[in-house]
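> This is the structure alone, sequence omitted:
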């Protein structure tokens, strides 16, 4: 341990098909099993960054942490609807704050929950969340700071995106 593997090949989507979103597509997977350190995550992100660099492509690695996201939702006083909140927040970049707000209202969220959630998710740096006393946020910050230290050491550029939920 740890066990590391990679795979490149065709995979199939079990979701809605539309223009540019095909049933079959090519995917590269990199997995590490049996390690709790964020060093394994940093290694995979570094590999991805170097891959894009080798192709001459400008790519941005966007990073968040599920513990942090759960803590933000908890801080917004949202209970029993965490998954609904996460699915909507993940669309922030795509449909904007108004679109996310509208979607959350349709899912039955209260106006004060939406306002609080959207305010908390707008942070740009981890230090903005450190004054909140929430164990999930604390754990998420700890994990992200460790990950960022490795990425900085290896000169991997990244962007902290608190609303990101996919691929966490």
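Thanks, I have it. This structure is a prediction, so every number in the text was calculated from the model and none was measured.
> who are the neighbours of the worst-scoring helix or strand of the chain on mean pLDDT, in terms of helices and strands?
The helix or strand of the chain with the lowest confidence, counting by mean pLDDT, DSSP states H and E, is helix 82-89 at a mean of 90. For helix 82-89, the contact count by 3 or more C-beta pairs under 8 Å, 6 or more residues apart in numbering; DSSP states H and E identifies helix 66-75, helix 92-106 as packing neighbours. For the C-beta atoms, the positions are set from N, CA and C on the backbone; glycine is no exception.
> I would like the residues contacting that helix, please.
69-70, 73, 76, 78, 100, 103-104, 107, 109, 117, 121, 163, 165 (C-beta atoms under 8 Å, 6 or more residues apart in numbering).
> Between all of the residues you listed, which two are separated the most?
Greatest spatial distance in the contacts of helix 82-89: 70 and 103, 19.2 Å, computed using C-beta to C-beta.
> so where do the helices sit in the chain?
In the chain, the segments counted as helices under DSSP state H are 39-54, 66-75, 82-89, 92-106, 111-120, 135-153.
> would you list those in a markdown table and tack on distance to residue 25?
Converted to a markdown table, those look like this (distance: least, C-beta to C-beta, whole Å):
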| stretch | distance to residue 25 |
| --- | --- |
| helix 39-54 | 17 |
| helix 66-75 | 25 |
| helix 82-89 | 22 |
| helix 92-106 | 19 |
| helix 111-120 | 32 |
| helix 135-153 | 28 |
